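> with the input below, show me the fold.
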Amino acid sequence: MKNIPFEKVRLGQSDLRVTPICLGTMTFGEQVDEPTSHAVLSRSLERGIDFIDTAEMYSVPTRQETYSVTESIIGRWFAANPGARQKLTLATKVAGPSRGMPWVREGTGMAAADIVASCNASLKRMQTDVIDLYQIHWPERNTPLFGQIYFDPTKERTQTSIHEQLEALGGLVKEGKVRYIGLSNETPYGVHEFVRLAEQHSLPRIATVQNVYSLISRALENGLDETMHRLDVSLLAYSPLAFGLLTGKYDESGTEGPDAPRGRISGYESVRKQRWGRPDALRASRAYNRLARDNGMTPTQLALAFCYTKWQVASTIIGVTTVAQLEEDLDAWGTTLSPEVLAEIDKIRWDIRDPAM
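Presented below is the predicted three-dimensional model:
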């Protein structure tokens, strides 16, 4: 396996400089047992990845029995590997209002006290004194989320203003528990408001937004990318392989039934009911996967190269279930896409658009 000479990228206006690939951990504790999780963490660090992302609600799909297990697995890895924590930029997330998961967040709001309590619990689970990048996992206010495409003002639920959220996060920064802050699953409006209020009230400025971005989910390119570029906020792209759809594993079998290979989509009905299970998501993926093979690449190489080389992306979050998958994803670094392939990608998008937005 080749060692990758990564050039570090700066996140927003912060002094965080990280590798352009980030190890995502939401499979740890559900699809991936603890020994394998630790092996993935160790191998990722050996290969030069210095950026890991997690969340208080992980693992995924979320269940009460596995809530917060991922952070605890990471904490035990830190304890077993002295010095590892100092080599890494550690990102985690505070859950937004409850989405049918009362074990994560009770009620429909996200109070300042919730943010503080969640941060303290994450620090304890991960056995660390500071979180380098603390992100709001999804907006406290009403927004179209996780595959919803329309904003409905009648569903407004806001109980804690963005200003109050920033003040709570600012307090954590002042205490030294958090270095920088970010958002996730955000909209252009949310990014603008967080930046505007931070600058107006001398509160911490967001460094990043972590949103879905892949060949079958490019809605970010219809406005949010301009917002982030002009406000100097960095994108952390999640699900670049679309829960396995863009690896080609489901091309012949589909995502359910006895012939479908084991994976996040085939293994969990709750996932198939989301954007990843849409028939058009599979149809689009098959088209991109065929394009990859026709041009001498694996589907994984094409999908990751798309994210790795896009100007919009600061760091791509990869999620794996085995060390072998980790090696494959890292070895895809350096793959280039010709102008002809990029043109074919845009043709497919024009036909099918963003079925997993």
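
> and the closest residue in space to Leu123 that isn't next to it in sequence, how far is that from Leu133?
The spatially closest residue to Leu123, leaving aside those adjacent along the chain, is Lys177, at 6.3 Å (C-beta to C-beta, 6 or more residues apart in numbering). For every residue, glycine as well, the C-beta is placed using N, CA and C. Noted for Lys177: a distance of 12 Å to Leu133, by C-beta to C-beta, to the nearest Å.

> do the same with Arg47
21 Å.

> ok, these two, which is more surrounded?
Leu133 (27 against 21; other C-beta atoms under 10 Å).

> does the more buried one touch Ala91 like I think?
Yes: using C-beta atoms under 8 Å, Leu133 is in contact with Ala91, at 3.9 Å.

> need the residues touching each of those two.
Gly182 (C-beta atoms under 8 Å, 6 or more residues apart in numbering).

> tell me how many other residues crowd Glu30.
21.

> and it, what element?
Under the criterion DSSP states H and E, no helix or strand holds Glu30.

> got phi/psi on it?
Glu30 adopts backbone torsions of phi -120, psi -70, taken as degrees, to the nearest 10.

> skipping adjacent residues, who's closest to it in space?
Ser59 (3.7 Å).

> quick one: the one you found and Ala80, what's the gap?
Counting by C-beta to C-beta - Ser59 and Ala80 are separated by 19 Å.

> more neighbours: these two, which one.
The neighbour comparison of Ser59 against Ala80 (other C-beta under 10 Å) goes to Ser59, with 25 against 11.

> OK, contacts around the more buried one?
So Ser59 contacts Met26, Thr27, Phe28, Gly29, Glu30, Gln31, Thr66, Val69, Thr70 (C-beta under 8 Å, 6+ apart).

> now the helices for the chain?
34-46, 69-80, 112-126, 162-174, 188-201, 224-231, 264-267, 269-272, 279-294, 299-308, 323-331, 339-352 (DSSP state H).

> quick check: mean pLDDT across the longest one?
Helix 279-294 shows an average pLDDT of 97 in the prediction.

> do the same with the last one
The predicted model assigns helix 339-352 a mean pLDDT of 97.

> only C-alpha atoms, please: export that helix in CSV.
What follows is helix 339-352, C-alpha atoms only, in CSV (Å, rounded to 0.1, in the frame of the first residue of the first chain):
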residue,chain,number,x,y,z
PRO,A,339,-12.6,16.4,-19.2
GLU,A,340,-14.5,13.7,-21.2
VAL,A,341,-15.4,11.7,-18.1
LEU,A,342,-16.5,14.9,-16.3
ALA,A,343,-18.6,15.8,-19.2
GLU,A,344,-20.3,12.4,-19.2
ILE,A,345,-20.9,12.8,-15.4
ASP,A,346,-22.7,16.0,-16.1
LYS,A,347,-24.8,14.4,-18.8
ILE,A,348,-25.9,11.7,-16.3
ARG,A,349,-26.8,14.3,-13.8
TRP,A,350,-28.8,16.3,-16.3
ASP,A,351,-30.8,13.2,-17.0
ILE,A,352,-31.3,12.0,-13.4
